[in-house]
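[1] Sequence below, structure please.
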Amino acid sequence: MALGNLAQRFLVALVAVPILLVVLYFHRPEPTWALIFAASLIAMHELFAMMLPAEDRRAAVVLGGFAVAAFYWLDPTTLAYYGGAVPRVVAAAGAAGSTIPLLLAVVAPGLYFLFKFRDIPSVAGRYAATVTGIVYAGYLTTYLAKLKLIDPHAGGDTVLMVLIVAWLADTGGYFAGRFLGKAKLYEAVSPKKTWAGAWGGIAGSVIGVAALKLISSHYLTWVDVALIAIPGGVLGQLGDLTESLLKRSVGVKDSGALLPGHGGLLDRIDAVLFIAPYVYAYLIVLQPVG
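    All right, here's what the predicted structure looks like:
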């Protein structure tokens, strides 16, 4: 007998979550980087499969892979973490700031299409889709790996914080929407989402971050909890709606079929893509930790 969607989701989580936690809480950042890098490649591939013709997808993923690697390894936070162990040429490249990741995300695809344009009238859309895929599915995903570098206890709390905001917003939104109200939130983009679900999602995010503070992230204040969970919960729902808009615009239901009951990987991390950069900016710029 086929499992229902909820049962499939539970089984996937039962297998994936323990593996994820082991990787996140390993004392070194490299396993987290490797996992997130692989996730970024899959997410970019799924987005390119929706937005690009087949002949452009492989090149787009390769370009995106180089760009994402540079976005992480040339980041000042990464270079500071490794200190004197960084080769001189890498440190020199990192001194250029965001220039090299920008070149790889924008200029490199432009050169690719300049010499492989084939159908000129479609180049603008294909070029824009490639750059969007690298930045949206690649760079935004990479912020999860960057968060590992600023964890004050070399654990995985900063990364887990983002995942908790996304997961519990999704869970709170599901149950609140199912039992507490039917007023539609944005029916043209996502017919099943309701205002009750939106409020339930924010409540779930707050509960999740509060629990993390009480259990392990003692450096957070209650103001931090509110300023991470509430904007994070809102951004996560907006990220979910944004991906739904992209899928609706190209006429697909799911970004892929990688995860039974969940659709594609991009369907699972669409909220994370909007939450992770915000939490990273909060912890680095507004409230430095450690």
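
[2] quick one, strands of the stretch 151-290 of the chain?
    Assigned by DSSP state E, counting those that start in this stretch, the stretch 151-290 of the chain shows strands spanning 184-186, 190-194.

[3] and these as JSON lines, adding mean pLDDT?
    Below are those laid out as JSON lines (pLDDT from 0 to 100):
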{"stretch": "strand 184-186", "mean pLDDT": "83"}
{"stretch": "strand 190-194", "mean pLDDT": "86"}
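
[4] Dump those strands to a markdown table, plus mean neighbour count and distance to T242.
    (C-beta placed from N, C-alpha, C; glycine too.) Output for the strands of the stretch 151-290 of the chain, formatted as a markdown table (neighbours: other C-beta atoms under 10 Å; distance: least, C-beta to C-beta, whole Å):
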| stretch | mean neighbour count | distance to T242 |
| --- | --- | --- |
| strand 184-186 | 17 | 11 |
| strand 190-194 | 17 | 10 |
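
[5] The ones you listed: which one's closest to T158?
    Across those, T158 has its closest neighbour in strand 190-194 (28.1 Å, C-beta to C-beta).

[6] what is the mean pLDDT for stretch 223-242?
    Here stretch 223-242 scores 96 as its mean pLDDT.

[7] same deal with stretch 54-67?
    The model assigns stretch 54-67 a mean pLDDT of 97.

[8] same thing with stretch 78-94?
    So the average pLDDT for stretch 78-94 ends up being 82.

[9] who touches the closest residue to L185 other than its chain neighbours in this structure?
    Spatial nearest neighbour of L185, excluding adjacent residues (C-beta to C-beta, 6 or more residues apart in numbering): K193 at 4.3 Å. By C-beta atoms under 8 Å, 6 or more residues apart in numbering, K193 lies in contact with G173, G177, K184, L185, Y186, Q237, D240, L241.

[10] change it to 10 Å
    G173, G177, K184, L185, Y186, E187, G201, Q237, D240, L241, S244 (C-beta atoms under 10 Å, 6 or more residues apart in numbering).

[11] and if you look at V165?
    Shown in contact with V165 (C-beta under 10 Å, 6+ apart): 201-202, 204-206, 208-209, 212, 228-233, 235-236, 271-272, 275-276, 278-279.

[12] Let me see the backbone angles for F117.
    phi -70, psi -30 (degrees, to the nearest 10).

[13] Please report how far it lies from V123.
    As defined by C-beta to C-beta, to the nearest Å, F117 lies at a distance of 5 Å from V123.

[14] Grab the two from the contacts of K193 that are most spread out in space.
    So, these by C-beta to C-beta: farthest apart are E187 and G201, at 17.0 Å.

[15] Of the two, give the one with the bigger neighbour count.
    G201 (29 against 11; other C-beta atoms under 10 Å).

[16] thought the more buried one was touching G172?
    Yes. Look at G201 against G172 with C-beta atoms under 10 Å: they come within range, at 4.9 Å.

[17] returning to what we had before: can you give me the separation between the residue nearest to L185 and K184?
    K193 is 7 Å from K184, by C-beta to C-beta.

[18] For those two, list the residues in contact with both.
    G177.

[19] Verify the contact between G239 and D267 for me.
    No. Using C-beta under 10 Å as the test, G239 is too far from D267 to be in contact (11.3 Å).

[20] and the protein, what are its domains?
    1-25+156-290, 28-153 (automatic domain parsing).

[21] mean pLDDT lowest for which of these?
    domain 1-25+156-290 (a mean of 85).

[22] how close does L214 get to V123?
    54 Å.

[23] show me what contacts the nearest residue to G263 once chain neighbours are set aside?
    Distances taken as C-beta to C-beta, 6+ apart put D254 closest to G263, at 3.2 Å, once the chain neighbours are dropped. Contact partners of D254, counting by C-beta under 10 Å, 6+ apart, are E46, M50, K247, H262, G263, G264, L266, D267.

[24] gap between the residue nearest to S255 when sequence neighbours are not counted and L104?
    Among residues not flanking S255 along the chain, G264 sits closest, at 3.4 Å (C-beta to C-beta, 6+ apart). As defined by C-beta to C-beta, G264 lies at a distance of 24 Å from L104.

[25] Was I right to think T142 contacts T77?
    No. Using C-beta under 10 Å, T142 is not in contact with T77, being 11.5 Å away.

[26] more neighbours, those two?
    More crowded of T142 and T77, by other C-beta under 10 Å: T142, with 25 against 13.

[27] Is that one in a helix, a strand, or coil?
    helix (DSSP: H, G, I helix; E, B strand; the rest coil).
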